[in-house]
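Asks: here's my sequence, what's the structure:
(chains A and B)
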Amino acid sequence: MARLARLALGEDELEPMARELSAVLDHIAKISELDLADVAPTSHVVEVTGALRPDEPRPCLPREVVLAQAPEVSGEGFLVPSPQA
Amino acid sequence: MLELSARGAAAAIAAGSLSRGELFDAYRARAAADRAAAGDGLNCFTWVAERAPGEDSGAPLQGVPLAVKDLFCTAGVPSQSGSRILEGYEPPYTATVVSRLTGAGASLLGKTNQDEFAMGSSNENSAFGVVRNPWDRERVPGGSSGGSAAAVAAGLTPWALGTDTGGSIRQPAALCGIVGLKPTYGSVSRYGMIAFASSLDQAGPLTRDVGDAALLLRHMVGRDACDATSLEFPQQIELPTAERLDGMRLGVPEELTGEGIEPGVLQAFRHTLEQAQELGAEVQSAHLPHAPHALSAYYVIAPAEASSNLARFDGVRYGFRAEGASDLLDMYTRTRHDGFGAEVKRRIMLGTYALSSGYYDAYYGRAQRVRTKISEDFRTAFQSVDFIVTPTSPTVAFRLGERTGEPLSMYLSDYCTVPMSLAGIPAISIPCGLSEGLPVGFQIAGPAFSENRLLAAAHALEQAIGFDGGAARG
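Replies: Modelled structure (predicted):
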């Protein structure tokens, strides 16, 4: 799970994490007692209509403004370590 | 001047009897002193403005200073959402709600401390350190908008902006003896709020009284083209004047007012119900049969959305990057390991699990169905009552460190506030008295877009209660 979440958890962190998550999951498991067979899921609580807009080009942030926040840049782009070092 | 409400200060400035520069400097001095003291003070602020903004614009908020939770993006001003992973981040744009308020004449006083990415109920999960409660410095201010709440209570700012996902405005407001309002989901733009759980996050005011909450909210609401889930608020937000509650039906849900609520809190709550009756309200019992399952559903939905929202923090485009990585994947995982705090990692893990193949239906799918049932419970209840009322927090402010080792007991702090969040309905917390010398919050919740009625009822009750928060302002 830590690998899926891109979190490098150390050996010393795994045991407490597993214990704490188990306690929370036990609590959450209570919802399995409910009969929800005919209930529709809610993903959004307030009805929104007409959220579409014309797809028109608009100015975006200048490149140098965006790159100014990056930990490392190279010329016109973000610099990252090689995927296969 | 520091005893004036925010709207009182705005009126005095408009009338020419108070200088906006002097008011700003007075609050700036208090906020800057707290920032300089860091862990030796209340530690409410993560950044304080250097100087007063420009001259009189004649805008309605008249330059009255405003503190803003760290997670709102403010152009050129540090915005870290309380996290190391956004170390040094100064966004190139400003959150819509902040632009609206400064456009209406508010002056940005500073950014306030919070639980990292708004995950927490005690403000002990911040890269900037814990915030202390001005009523008792050995206790928590609540969270996640703990810096905003403590700053308002201590008189370091006239008012503040916070966000509420499962109780993060209302619970700290309750623990600090101030007013906190979570508006109807969609009424305030989320554009520029560093996201936690997008289907629940909502910005709202933290203020000394109900009138100030109404004034601040008036200038926050409205549709924003940058947030497709935002909506036009159906009316203008009115400043409340009601002094009576004649004919008002208040529903007390037995599911949220029994077991688990501290006796002192329950006593203050019941006393407030008597005061409501004296004002003409009718108090009756109500039922929210699925409310006891709200916390479980919330702790699936919120971490699931968080695990997805927080995937963007990878050390590539902004903020912190860990050193010494061997390749790209190693850089991601080390950055996220060193950049996120323990609670954030816990919730990312929980959310990743709940969304993973084979578990999705059992967790996320079921939680969304529970959410439907909770909304239905409220709809049914509002057919026979005008408002649902509960204690805001099951306990008064707890001691620093008391719950940090036990996530589940921390999560129970949100027991009474999470159901309203899942239903997307507005709810306000007002201080209703003291228990063991610490403030108790009274929560009033109404149907979607009932903010004007909610504020009116809260105002009438506030007048009858006559809570004095002066002790915390020192």
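
Asks: when you work out contacts or count neighbours from here on, use the C-alpha atoms and nothing else.
Replies: Fine.

Asks: how close does B:Val316 get to chain A?
Replies: According to CA to the nearest CA, to the nearest Å, B:Val316 and chain A sit 6 Å apart.

Asks: need the contact list for the residue nearest the centre of chain B.
Replies: Nearest to the mean C-alpha position of chain B, counting by CA atoms, centre = their mean, stands B:Ile169 at 1.8 Å. Listed by CA atoms under 8 Å, 6 or more residues apart in numbering or on different chains, the contact partners of B:Ile169 are B:Gly143, B:Ser144, B:Ser145, B:Ala149, B:Gly162, B:Thr163, B:Gly180, B:Leu181, B:Lys182, B:Gly204, B:Pro205, B:Leu206.

Asks: immediately after the single longest helix found in chain A, which helix or strand?
Replies: Secondary structure assigned by DSSP state H gives helix A:11-28 as the longest helix of chain A. Sequence-wise, the next helix or strand downstream of helix A:11-28 (DSSP states H and E) is helix A:63-67.

Asks: partner strands of the helix or strand that that next one is followed by, parallel or antiparallel?
Replies: Downstream of helix A:63-67, the first helix or strand assigned by DSSP H and E is strand A:73-74. Strand A:73-74 pairs in its sheet with strand A:77-78 (antiparallel), by DSSP bridges.

Asks: gap between the strand it pairs with and the chain center?
Replies: Its chain's C-alpha centre and that of strand A:77-78 lie 22 Å apart, by CA atoms, centre = their mean, to the nearest Å.

Asks: enumerate the positions of the longest helix of chain A that are buried.
Replies: By neighbour count on 16 or more other CA atoms under 10 Å in any protein chain shown, the buried set for helix A:11-28 is A:Met17, A:Leu21, A:Val24, A:Leu25, A:Ile28.

Asks: secondary structure class for B:Leu434?
Replies: Classification of B:Leu434 using DSSP: H, G, I helix; E, B strand; the rest coil returns strand.

Asks: give me the pLDDT for it.
Replies: B:Leu434 is assigned 98 on the pLDDT scale.

Asks: and the gap between it and B:Gly63?
Replies: According to CA to CA, to the nearest Å, B:Leu434 stands 33 Å off from B:Gly63.

Asks: more neighbours: which of those two?
Replies: The neighbour count for B:Leu434 versus B:Gly63, taken as other CA atoms under 10 Å in any protein chain shown, is higher for B:Gly63 (28 against 18).

Asks: B:Ser99 versus the more buried one, what's the distance?
Replies: 13 Å.

Asks: now swap in B:Pro158 and tell me
Replies: Distance of B:Pro158 to B:Ser99, computed by CA to CA: 18 Å.

Asks: which one's more surrounded, the two?
Replies: Neighbours per residue (other CA under 10 Å) separate B:Pro158 from B:Ser99, with B:Pro158 holding more: 27 against 16.

Asks: which stretches of the chain have low pLDDT?
Replies: All of this refers to chain A. A:85 (pLDDT under 70).

Asks: try again with chain B
Replies: B:55-57.

Asks: contact partners for B:Leu42?
Replies: By CA under 8 Å, 6+ apart, the contact set of B:Leu42 is B:Asp34, B:Val131, B:Arg132, B:Asn133, B:Pro134, B:Arg137, B:Ala150.

Asks: let's see 6 Å
Replies: B:Leu42 is in contact with B:Val131, B:Arg132, counting by CA atoms under 6 Å, 6 or more residues apart in numbering or on different chains.

Asks: who's in contact with residue 69?
Replies: Assuming you mean chain A. Applying CA under 6 Å, 6+ apart to A:Gln69 gives the contacts B:Tyr318.

Asks: the intended chain is chain B.
Replies: By CA under 6 Å, 6+ apart, the contact list for B:Lys69 reads B:Lys111, B:Thr112, B:Leu161, B:Gly162.

Asks: how close does it get to B:Ile169?
Replies: Counting by CA to CA, the gap from B:Lys69 to B:Ile169 is 11 Å.

Asks: would you map the helices across the stretch 251-400 of chain B?
Replies: B:263-278, B:294-309, B:328-339, B:342-355, B:366-381 (DSSP state H, counting those that start in this stretch).

Asks: now the residue in the stretch 351-474 of chain B positioned nearest to chain A, nearest residue through space, not along the chain?
Replies: Nearest to chain A in the stretch 351-474 of chain B, going by CA to the nearest CA, is B:Arg369, at a distance of 4.2 Å. Counting by CA to CA, 6 or more residues apart in numbering or on different chains, B:Arg369 lies nearest to A:Pro41, which is 4.2 Å off, once chain neighbours are set aside.
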